[in-house]
Every structure is written in C-alpha cells, then in structure tokens.
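1. any chance you can model this:
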Amino acid sequence: KVVPAFMEYNASHADRTQSLGEANLLLPTTLHLGEAELGEEFDHDGAAPDPSLIPGYKFSPAEAEGKRFISAGQLLIMTYFWTCGGPFGIESAVASAGPLLTIISLFAIQLLWSIPQALMSAELALMMNQNGGNVIWVQRAFGDFIGFINAYTNLINSLASQGILVVLFVDYVQTSIPNLQEIEVWGLRIGFVAVVTLINIKGMELISSISSVLLIFIFSPFVTEMIVTVVDRIDISWEALLEIPSWEEIKPNFGTLVGTIIWSNGGFDTMGAIAGEVSGGPRSFLLGILGAFPLILLNYIIPVIISYIVFPHWKQWTSNSFTEIPYKIFPSWVGIYMTTATCVSNFGQMTAGTAPTARVVWAMAKGKDGETAEHRYLPFFFSWSYVAGDGSLVPIGGILFCGIISVVLAALPFDFLIQLYLIIRLVNLVSEYAALIYLRFSEPDTPRPYKIPGGHAGPIILFLPTVALGSLALAFATPEVLISGFGTLAGVIFCYVFKKAWVYFTTTYSCCRPANQPFAPPFSPPSSVRIN
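-> Numbering: from 1, shown residues only. From the prediction side, this is the model:
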C-alpha cells in the first residue's frame, strides 16, 4: 500500500488497530511510513483514510498551513496594505517638518530602512519556507530566551500598529461627525475591529480580493481634488512646496517626523509570516515584496503635493489633515468622499495587517506541535485554527486575540503609540538582523533560494542604516515614551523568567498537580486534544 510520506501515526493505546486495505496493522507508538509524494493515497477502494480520525495524528507544516495560492500580484497588493495601505497618517510628518523634508525623508527611509527589511525577509523566509516569520527565524538562530523577547516585541509592535489604525479611523469619522460621545467612540472602535475580525475569519482569499478593490478607491479622492482644483480654478502655491523650516522649528517634533515616516514604511519583514502560503517559488515572493516600493512611494508623495499646494500652511496641519483640507477648500461632498476613503484605507490596512499578526500568534502558541517552531510562547488554545474552503490557514485564536488587544490599545494617544511602536520595533529588528547574520555563519550550507549579495559582510552592511536611524529616533524620543518602551521590554523579560520559574516549580513539586497525573504545563496542549 502506498502511504503519504507526511503522515505520522501515534497511537494512544498499544492495542488500537486500523484497517489498511486488506490487512489489519497494529500501530506502534510512532510509525513513519514510506517516502511517497504528497497527494498519493492508500489503495483502499479508491479512497484515502481521513487522517484526523487516527489518534495522535501529527499535522505537518505544509498540511497545517493549507494550500499555497497567493500569487506575486496578490502579494504585492497585500504588501502595500501591510506597509501603508494609503497615504493617511503621513500628515503628522508634514506637520512636524513641512512637505519638502517629508518627501526627502520618504526617499531616505525607503532606501535605508525599508529595502533592507525586504531583502532580509526574502532571504530568511525563503530559507525557512513556512508560516510564522521572525518567530521561527530568531528561535532557530538563538534559541528560547532571545526567541521569546523577539516574539513578544514583534507581537507588541504589530498590535500597537493596529491600535494606531483604530485611532486614525475614529479621528477621521469625527472629522465628518464631530462631538461624538465617549460611548459612541467606543462603539466605533469595537464595530470597526469586529468587521475586520469577521473578514479575517473568512480566509486569505477574501482579504486579497477586498484589498484589490480598495486600492483603486483609496486614490480616487485625490484625483477628484485635482479635477475640482482645475475646474473651479482654486488658488494653488507651488513655491510653498520648497519651504524648509529652520532647525528650531523642527527640533521639538523631530521624533514624530522620524517615527511617522518609519511607521509609514515599515512591516516588510512581516511578509515572512505568510511565506507558507505564497505560490510560484522565490521569484513570486521577491516580485511581490520589491514590486510594492514604487507604489508605496507614489502613494505618499502625490497626496502630500496635491493637498499642500491648496493649503500651504504646514504648521496648521494635523494628523488628519487629508480629511480636514477638503472641507476648508473644496465643496463639502469632496470632504465626505475623502473621509470615506480614509476610513476605507484604515479598514484595508487593519484587515490585511491582522492576517500576518494572527499567524505570528498562531506560531507562538503552536510551538513544536506540527514542527512549527522550537518553543511555545503563548497558551496552546491561541493556536486554534482551521483550513478554509479556499485552502488557506485561518488562525481563529490569533485573529480574536488581535481584535481584543487592538480595541484596548486604541484608547491611547496617537503620538504616544507611534513612538512606543518605534522603540519596541527597534528591539525586534535587531533580533531579526542578528538572526540573519548569525545563520550566515552557523548554517553556511543551508539552501537559500535568495541570498543577499556581499558574502558574510552583506547582511552586516545592510544592518548599519537601521542602527543609525534607530539611534536617531531614540535620541529624539520623549522621556515618557522611553520609559514606556524600555518598561515594556523589561516586562517581556519578566514574563520569560516567570514562565521558566512556573515550569520548574510545577514540574518539581507534586503539590502543584493532581496525584498520579503527569505534568501538563499551561503552555502545552492536552495530550487528548487535536487542534489543527
């Protein structure tokens, strides 16, 4: 009989039997059967047995992650939404330093911050071609302790980014509907996150389809502004674009400028979280990530120019000026149109951003189960998932977790979240680049479909701009943000110590568990439960 190579049987009782064709086989505790290709079947009346009915069946990474169906074009659009999803939010940078320095900073940050992330993600994600992203990369390089810190800092900055999107969504709605009561604001937050959660539960194919439609709609209000400006002969000022504020004017908000630009161009390394679902091999992955850069750059530059030439007063800009300016300059229907587009943009970013974050939660909770990661960092029930009708993995536990935490974080101020995100993000990126460099030395012979050029020095050179920009951002961060950022990092380290102490205490002292019962730590799945 021909048996799939990925199937591993693990009987719960020695006398349990399973009929395989004409023979009854006694299954041992672990039985590896053959080297057949995926998709080959038992010759048993033309039908393969249902592996989920076999006690202790162990799902392989390929099976647990579902099918690979994300094309290069779909990945490009999803990359766009994961990293920016529209120009909205960049207004804080203009309000900090004016339009010209904002545009220059966009070019510099993409070159020094974003492209290195994309190249790092390409090498590591294609080297370890499965879902989980940097949780898996850093664990493989440095083991449990550094892996734990990286996993939680990655999770915190992803959730902080989602909290920022909820804050912006409410701000934009209040532009059209001012003076909302506190209970109405909370209703908006919860309703917004609830819709995003439901769409993610439906699967990745729906997310990809929605993102393609939203991309066109998001840019359309700025095209409308251009047309109305020409038709109504609205006054414009091209010269104002060349204004460069003095250092004394920029210095108080320089941290916001850097933090906003970095936040607006970050997240390329999160693409590794869905590497197990990208079809077409290395070429598709590289095209999907690198092809998004021109689109992202134009996404910010064109709206800044269009809005600033009709309202050339950067000191009067706020974090939601793209929606405020139409009400001041254009007919009211243009303002309503723009407000709708901003809400749609935040919705698209939140919907697409929840997907990789939820898969990081899934990997942190899955641990060694299914050979997903080396260590488990969240209770196992957060790995609750299923394979949708389109073949994609749906990490329900991770999706619900992301939704709840995002609503809570949305109660914090925008400026605080943006700088807190940056500090935690730096810790996360240092771990990732260190894993890239270390694995070059420790696993030089491991196949890499894509490899950053320059030998061992290549990844090190790639890492240097991140160190410089990170140091610059820390130098201009406010004391409150520094305290919160490093306090959060200290909290993550404390959680690791507590986890290790808990496992040691409960395995050492019998009073911590029922008599005659084997130990089952809270970070491990029950032996009798099989959750995909």
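
2. show me the shaky parts of the chain.
-> 1-69, 131, 273, 276, 367-375, 388-392, 419, 506, 508-532 (pLDDT under 70).

3. if we use 50, what do you get?
-> Residue ranges of the chain with pLDDT under 50: 1-66, 512-532.

4. OK, contacts around Cys84?
-> For Cys84, the contact set (C-beta atoms under 8 Å, 6 or more residues apart in numbering) comprises 264-265, 296, 299-300, 349. Just so you know, the C-beta spots here come from the backbone N, C-alpha and C atoms, and that holds for glycine as well.

5. out of those, who's the most crowded?
-> Counting by other C-beta atoms under 10 Å, Gln349 has the largest number of neighbours within the contacts of Cys84, with 30 neighbours.

6. I'd assumed that one was in a strand, is it?
-> No. Gln349 sits outside any strand when classified using DSSP: H, G, I helix; E, B strand; the rest coil, being helix.

7. which residues touch it?
-> Gln349 touches 81-82, 84-86, 165, counting by C-beta under 8 Å, 6+ apart.

8. if we use 10 Å, what do you get?
-> 80-86, 88-89, 161-162, 164-165, 168-169, 196, 211, 214, 218, 267 (C-beta atoms under 10 Å, 6 or more residues apart in numbering).

9. so what's it closest to, chain neighbours aside?
-> Of all residues not flanking Gln349 in the chain, Gly85 sits nearest, at 3.3 Å (C-beta to C-beta, 6 or more residues apart in numbering).

10. how about the helices of the stretch 201-350 of the chain, start to end?
-> Shown for the stretch 201-350 of the chain, the helices assigned by DSSP state H, counting those that start in this stretch span residues 204-231, 247-250, 254-264, 281-290, 292-310, 321-329, 332-366.

11. could you say which one of these comes nearest to Tyr438?
-> Proximity to Tyr438 (C-beta to C-beta) singles out helix 332-366 among the helices of the stretch 201-350 of the chain, at 19.7 Å.

12. and the closest one, which residues are buried?
-> By neighbour count on 16 or more other C-beta atoms under 10 Å, the buried set for helix 332-366 is 334-366.

13. next one: stretch 197-211
-> Neighbour counts over stretch 197-211 (16+ other C-beta under 10 Å) mark 197, 199-201, 203-208, 210-211 as buried.

14. so how far is the first residue of that stretch from its last?
-> End-to-end span of stretch 197-211 (C-alpha to C-alpha, to the nearest Å): 15 Å.

15. which among the helices of the stretch 201-350 of the chain is found nearest to Ile452?
-> Ile452 lies closest to helix 281-290 among those, at 11.8 Å (C-beta to C-beta).

16. how about the CA coordinates for the closest one, as PDB?
-> Presented in PDB, the C-alpha positions along helix 281-290 are these (Å, rounded to 0.1, in the frame of the first residue of the first chain):
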ATOM      1  CA  GLY A 281       8.500  30.000  -5.600                       C
ATOM      2  CA  PRO A 282      11.200  32.600  -4.800                       C
ATOM      3  CA  ARG A 283      10.500  34.700  -7.900                       C
ATOM      4  CA  SER A 284       6.900  35.400  -6.800                       C
ATOM      5  CA  PHE A 285       8.000  36.200  -3.200                       C
ATOM      6  CA  LEU A 286      10.600  38.700  -4.400                       C
ATOM      7  CA  LEU A 287       8.400  40.300  -7.000                       C
ATOM      8  CA  GLY A 288       5.600  40.700  -4.500                       C
ATOM      9  CA  ILE A 289       7.700  42.500  -1.900                       C
ATOM     10  CA  LEU A 290      10.100  44.600  -4.100                       C
END
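
17. give me the contacts around that helix.
-> With contacts defined as C-beta under 10 Å, 6+ apart, helix 281-290 is touched by 68, 70-80, 83, 114-115, 117-119, 121-123, 125-126, 129, 268-269, 271-272, 274-275, 278-280, 448-450.

18. buried ones among these?
-> By neighbour count, with 16+ other C-beta under 10 Å, the contacts of helix 281-290 hold 68, 70-72, 74-80, 83, 114-115, 117-119, 121-123, 125-126, 129, 268-269, 271-272, 274-275, 278, 448, 450 as buried.

19. so what does the host helix or strand of Gly470 touch, helix or strand wise?
-> Using DSSP states H and E, Gly470 falls within helix 457-475. In terms of contacts (3 or more C-beta pairs under 10 Å, 6 or more residues apart in numbering; DSSP states H and E), helix 457-475 is packed against helix 99-109, helix 115-127, helix 254-264, helix 414-442, helix 479-508.

20. in JSON lines: the contacts of Cys84, plus distance to Thr478.
-> Converted to JSON lines, the contacts of Cys84 look like this (distance: C-beta to C-beta, whole Å):
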{"residue": "Ser264", "distance to Thr478": "20"}
{"residue": "Asn265", "distance to Thr478": "22"}
{"residue": "Ile296", "distance to Thr478": "28"}
{"residue": "Asn299", "distance to Thr478": "28"}
{"residue": "Tyr300", "distance to Thr478": "25"}
{"residue": "Gln349", "distance to Thr478": "25"}
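
21. among these, which one sits closest to Ile190?
-> Among the contacts of Cys84, and counting by C-beta to C-beta, the member closest to Ile190 is Gln349, at 17.9 Å.

22. all helices of the stretch 51-200 of the chain, in order?
-> Under DSSP H, counting those that start in this stretch, the stretch 51-200 of the chain gives helices at 61-64, 72-83, 91-97, 99-109, 115-127, 134-142, 144-176, 182-202.

23. rewinding a little: so which of the helices of the stretch 201-350 of the chain comes closest to Lys500?
-> helix 332-366 (16.0 Å).

24. that closest one to helix 72-83, inter-axis angle?
-> Interaxial angle of helix 332-366 relative to helix 72-83 (axes from the mean of the first three to the mean of the last three C-alpha atoms, to 10 degrees): 100 degrees.
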